[in-house]
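In: model this:
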Amino acid sequence: MVSTVERLNRYAKLAVEVGVCLRPGQDLLVEAAVEHAPLARSVARAAYAAGARYVDVLYNDQQILRAQVEFGADEGLGWAPPWQVKRLEEGRRRHMCRMLIVGDPDPNAMAGLDGGRVARADAIDVRREHLRGINERAVAWSIIACPTEGWAEALFGEPDVDRLWGLIERAVRLDEPDPVAAWQEHMARLEARARAITERHFDAIRFRGPGTDLTVGLLQAARWGAAVFETEWGQKHLPNLPTEEIGTVPDLRRADGVVRATRPLYAGGVEVRDLTLRVAGGRVAEASASAGEKTIHQLMSRDEGATRFGEVALVDATSRVGRLNTLFRTTLLDENATCHLALGNGAPFAVENAPANDPVALREIGINQSSIHLDFMVGGPEVEVDGIEPGGIAVPLVHGDEWQLDA
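Out: Purely as a prediction, here's the structure:
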């Protein structure tokens, strides 16, 4: 029987070595909920053991956020003290690493609150600086998940943290004799898929299934990639641990049809069910949901880019996350269970020499810019995904939840 301390330490070591790939002398910024403190401490120990100069941990508390949404003044929603932005600016300027720990301690923390106010509580200036660090490849970052009693209660109806730990360990390959080697083999397979689809130079991707017939145009200059990112100074890192996808940035001007999410998603602590988008000319013309619709409308009102796509990603049934057959209620895991799209910000580094620090120029190229990035799942056994060649011929990519291209 593996002890909790041993689990935390093994997981933290993997996150530092494979996630952010911390180098000796670098600083590490960590963000976590107060309930994630045991894992944050293990991450700090692993980072210092790997040669970190300094580890800075910033904790958040859902109950305090709930109090603000429930009782706080309107002008305070979405505001954050300038030092929080400066912290990320310094991290970007000094080439720090950054680790975000997720795993909802209380998935019902925002229950009964106004969805619009929940959506507005997101600190916009902090999020913009976060996205700038990503766009400019100025931070080696990674997101990991921490099991908690509240999260386990929401998934299983009881606070069975050991059961949740078992799922997370399988998802991140800690059940392998050599997890680092297992990750190297896995990423090599995904990178081979990404090269294969890039070489086909598809004009668009089409999703077809129950309630879905959507065609998303692609940028010919964009590459497909696995989630192995590289900073401007050459430090490779895995932004998502786990990751099962290959993806690219689509053309913000070209998307038409209707798409229905195949799984619920969670935005700002609010559950969104049966999300359906009608899209014309690249822009969402109509959005509906059986639950959480107000939150979606609030998020999409943030800026013009919030109504356009910034990511298209493909995942098949070989996904370890998908094979766990669990709705985890967190994007980090759920997006890696099946194919997905994202409204909002697109990654400039998918296009070589894209001007990452010039939002206007990026939009002119066709790379969407926004203060949000909202992933939602659109794949599964009943959804067919085709690559559309410039001449209009459809080439199967994912059918029956199985990868179809040679790679």
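In: ok, longest strand in this structure?
Out: strand 250-260 (DSSP state E).
In: ok, then the element right after that strand?
Out: Later in the chain than strand 250-260, the nearest helix or strand by DSSP states H and E is strand 265-267.
In: who does that following strand pair up with?
Out: strand 270-272 (antiparallel) (DSSP bridges).
In: about what we covered before: show me the contact partners of the longest strand of the chain.
Out: Outside strand 250-260, the residues within contact range by CB atoms under 8 Å, 6 or more residues apart in numbering are 204-205, 207, 209-219, 222, 274-283, 305, 308-312, 341, 346, 363, 366-368, 378. Glycine gets a C-beta too; all of them are placed from N, C-alpha and C.
In: could you give the mean pLDDT of that strand?
Out: For strand 250-260, mean pLDDT is 98.
In: quick revisit: from the contacts of strand 250-260, which land in helices?
Out: Among these, DSSP state H puts residue 363 in helices.
In: just the buried ones from the contacts of strand 250-260?
Out: Listed as buried from those are 204-205, 207, 209, 212, 214-219, 222, 275-277, 279, 282, 305, 308-312, 341, 346, 363, 366-368, 378; burial here means 16 or more other CB atoms under 10 Å.
In: in strands only, show me these.
Out: Per DSSP E, these map to strands at 204-205, 207, 209, 212, 214-218, 276-277, 279, 309-312, 341.
In: can you list the domains in this structure?
Out: Domain assignment for the chain by automatic domain parsing gives 4-171, 193-224+243-403.
In: verify the stated contact: residue 98 with residue 28.
Out: Yes: using CB atoms under 8 Å, residue 98 makes contact with residue 28 at a distance of 7.3 Å.
In: need the residues touching each of those two.
Out: Both residue 98 and residue 28 are contacted by residue 20, under the criterion CB under 8 Å, 6+ apart.
In: any idea which residue sits dead centre in the chain?
Out: When CA atoms, centre = their mean is applied to the chain, the residue found nearest the centroid is residue 332 (5.2 Å).
In: now do that one, the pLDDT please.
Out: 90.
In: which strand or helix spans it?
Out: Following DSSP H and E, one finds residue 332 within helix 331-334.
In: in three-state terms, label residue 386 for me.
Out: strand (DSSP: H, G, I helix; E, B strand; the rest coil).
In: for it, the count of nearby residues, please.
Out: 20 (other CB atoms under 10 Å).
In: so what's it bridging to?
Out: Beta-bridge partners, per DSSP bridges, of residue 386: residue 206, residue 396.
In: pull the contacting residues for it.
Out: With CB under 8 Å, 6+ apart, residue 386 has these contacts: 205, 206, 208, 394, 395, 396, 397.
In: check those residues and tell me the two furthest apart.
Out: Greatest spacing in those, by CB to CB: 208 and 395 (13.6 Å).
In: and the two? which has more neighbours close in?
Out: Neighbour tally, residue 208 and residue 395, criterion other CB under 10 Å: the higher count belongs to residue 208, 16 against 13.
In: the closest residue to the more buried one other than its chain neighbours: neighbouring residues, count only.
Out: Excluding its sequence neighbours, the residue lying closest to residue 208 (CB to CB, 6 or more residues apart in numbering) is residue 384, at 4.9 Å. Residues contacting residue 384 under the criterion other CB under 10 Å number 19.
In: and residue 384, how close does it get to residue 203?
Out: 17 Å (CB to CB, to the nearest Å).
In: residue 363 too?
Out: Residue 363 is 20 Å from residue 203, where distance means CB to CB.
In: my guess is residue 275 contacts residue 289. True?
Out: Yes: counting by CB under 8 Å, residue 275 touches residue 289, with 4.7 Å between them.
In: what sits in contact with each of the two?
Out: Residues touching both residue 275 and residue 289 (CB under 8 Å, 6+ apart) are residue 296.
In: can you give me the offset of stretch 39-58 from its chain's centre?
Out: In terms of CA atoms, centre = their mean, to the nearest Å, the centre of stretch 39-58 is found 23 Å from the chain centre.
In: equivalent analysis for stretch 140-155, please.
Out: Put simply, stretch 140-155 sits 14 Å off its chain's centre (CA atoms, centre = their mean).
In: all strands for the stretch 51-200 of the chain, in order.
Out: For the stretch 51-200 of the chain, the strands defined by DSSP state E, counting those that start in this stretch occupy 54-60, 97-102, 140-145.
In: which neighbours does the first one have in its sheet, and in what orientation?
Out: Same thing as strand 54-60. Sheet partners assigned to strand 54-60 using DSSP bridges are listed as strand 27-33 (parallel).
In: can you list contacts of the partner strand?
Out: Here strand 27-33 makes contact (CB under 8 Å, 6+ apart) with 16, 20, 22, 39-40, 43-44, 47, 52-62, 87-88, 91, 94, 96-101, 103, 105, 146, 148.
In: what about 7 Å?
Out: Applying CB atoms under 7 Å, 6 or more residues apart in numbering, the contact partners of strand 27-33 are 20, 22, 40, 43, 47, 52-62, 87, 91, 94, 96-101, 105.
In: list only buried entries from those residues.
Out: Looking at the contacts of strand 27-33 with 16+ other CB under 10 Å, the buried ones turn out to be 20, 22, 40, 43, 47, 52, 55, 57, 62, 87, 91, 96-101, 105.
In: summarise which helices and strands the helix or strand of the chain with the lowest mean pLDDT is packed against.
Out: Within the chain, confidence by mean pLDDT, DSSP states H and E is lowest for helix 115-120 among all helices and strands, at a mean of 86. Applying 3 or more CB pairs under 7 Å, 6 or more residues apart in numbering; DSSP states H and E, one finds that helix 115-120 makes contact with helix 293-300.
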